[in-house]
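Peer 1: Have a look at this prediction, sequence included:
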Amino acid sequence: MTLGPSYRPNVTLAQSENLWGVGNVFFGLWLIPMGLAALRSGWTPRPLGWVLIAGGVGYVLSAFVRYLVPSADPITQVLIVPATIGEFWMIGWLLALGGCDVRPDLSAGRHTRTMRRRC
């Protein structure tokens with residue numbers, strides 16, 4: 001049995017969608033430690049770290065939901081909304097304040113998270 005030319009694009013599209021799903025798992029697994037680093041550093045706003053973590057979990061869950069329940073495409077789209085918000089927020093924060101000289105404010109005590117910004 002030979003496959004006709006009209007069958008090949010469908011196979012390629014299915015493979016592409018599967019690769020995007022695998023990519024979502026790895027990208028979600030990247031956003032979780034990035035969010036933890038943002039929380040621990042104290043240089044970025046804490047809500048940004050939490051949104052990045054939620055986005056990472058959403059990416060991983062969306063990949064698994066896509067494979068377990070193929071008809072649940074609207075759910076997978078909603079699961080990646082926090083990741084999109086976190087990514088654009090991080091880009092905006094880095095462009096606006098990422099190049100500033102940020103140093104710990106040691107006048108308030110050694111273990112505080114207060115930062116002094118000079119832009």
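Peer 2: Arrived safely. Remember, it's a predicted structure, so these values are computed and weren't measured experimentally.
Peer 1: if I pick the closest residue to Gly55 other than its chain neighbours, what's in contact with it?
Peer 2: Leaving aside its sequence neighbours, Gly55 sits nearest to Ala83 (C-beta to C-beta, 6 or more residues apart in numbering; 2.9 Å). C-beta: built from backbone N, CA, C; applies to glycine. Ala83 makes contacts with Phe27, Gly28, Leu31, Leu52, Ala54, Gly55, Gly56, Gly58, Tyr59, as judged by C-beta atoms under 8 Å, 6 or more residues apart in numbering.
Peer 1: Check which residues of the lengthiest helix in the chain are buried.
Peer 2: In the chain, assigned by DSSP state H, the helix with the most residues is helix 8-41. Under the neighbour-count criterion of 16 or more other C-beta atoms under 10 Å, helix 8-41 has Gly21, Asn24, Phe27, Gly28, Leu31, Ile32, Met34, Gly35, Ala38, Leu39 buried.
Peer 1: ok, the fourth one to Leu95 distance?
Peer 2: Using C-beta to C-beta, to the nearest Å, one obtains 24 Å as the distance from Gly28 to Leu95.
Peer 1: just for the chain, where's the confidence low?
Peer 2: Scanning the chain for pLDDT under 70 picks out 1-17, 99-119.
Peer 1: redo that, cut-off 90
Peer 2: Across the chain, residues meeting the criterion (pLDDT under 90) sit at 1-25, 41-45, 63-77, 79-80, 94-119.
Peer 1: Make a markdown table out of the contacts of Ala83 and add distance to Trp43.
Peer 2: Formatted as a markdown table, the contacts of Ala83 follow (distance: C-beta to C-beta, whole Å):
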| residue | distance to Trp43 |
| --- | --- |
| Phe27 | 23 |
| Gly28 | 23 |
| Leu31 | 17 |
| Leu52 | 14 |
| Ala54 | 20 |
| Gly55 | 19 |
| Gly56 | 19 |
| Gly58 | 24 |
| Tyr59 | 24 |
